[in-house]
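> Got a sequence here, can you build the structure:
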Amino acid sequence: MDDTINLQADLEAFRELVNRNPLVSKITKGWDRSILIQSKDTGEAYLLIVGQGKLLSVGRAQFDAPCDIRVRASKDTLHRMFTGRAKSAELYLHGAVEVYGSPKDQLKLDGIATLLWG
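Numbers count the residues shown, from 1 in each chain. Here you go, the predicted model:
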């Protein structure tokens with residue numbers, strides 16, 4: 001694990017990127033969700049709040065906080081995923097990332113990543 005990774009900064013940069021993209025705004029319109037990001041190896045957790053076609057906030061959370069969608073991986077994997085250095089669909093298929101939520105929610109997350117990074 002790389003101690004220089006600042007996951008909160010990665011998620012804040014991701015929030016800014018999401019909110020600047022008009023296509024992401026279209027697919028998230030009417031999609032109000034809380035997404036808990038969990039680092040399996042460090043115990044860090046962050047809650048992302050989506051609403052009004054935007055990623056409204058990113059904040060520290062309890063590891064077991066209630067949420068609509070749960071994304072769990074190592075800190076390094078989360079860093080690579082939320083900075084676009086690795087494709088989320090590939091990480092999911094290879095078991096590096098666990099996503100717990102409805103199939104529709106998982107498709108939305110994949111759609112966001114595809115719009116941002118291809």
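> Confidence-wise, which helix or strand of this structure is lowest on average?
helix 88-93 (a mean of 87; mean pLDDT, DSSP states H and E).
> Quick one: neighbours of residue 101, just the number.
Residues near residue 101, counting by other C-beta atoms under 10 Å, number 18. (Each C-beta comes from the backbone N, C-alpha and C, glycine too.)
> swap that for residue 7, please
Residue 7 has 20 nearby residues by other C-beta under 10 Å.
> For the strand or helix carrying residue 108, the averaged confidence score.
Using DSSP states H and E, residue 108 maps to helix 103-117. The pLDDT scores in helix 103-117 average 92.
> Name the residues of it that are buried.
For helix 103-117, the neighbour count (16 or more other C-beta atoms under 10 Å) marks 105, 106, 108, 109, 112, 113, 115, 116 as buried.
> Reformat those residues as CSV; add distance to residue 90.
Below are the buried residues of helix 103-117 laid out as CSV (distance: C-beta to C-beta, whole Å):
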residue, distance to residue 90
105, 19
106, 14
108, 18
109, 14
112, 15
113, 10
115, 16
116, 15
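> Closest one to residue 17 out of the residues you listed, please.
When those are compared for distance to residue 17 (C-beta to C-beta), residue 116 wins out at 5.9 Å.
> now that closest one: how far from residue 66?
27 Å (C-beta to C-beta, to the nearest Å).
> same deal with residue 94?
Counting by C-beta to C-beta - residue 94 and residue 66 are separated by 28 Å.
> Alright, that wraps it up for me.
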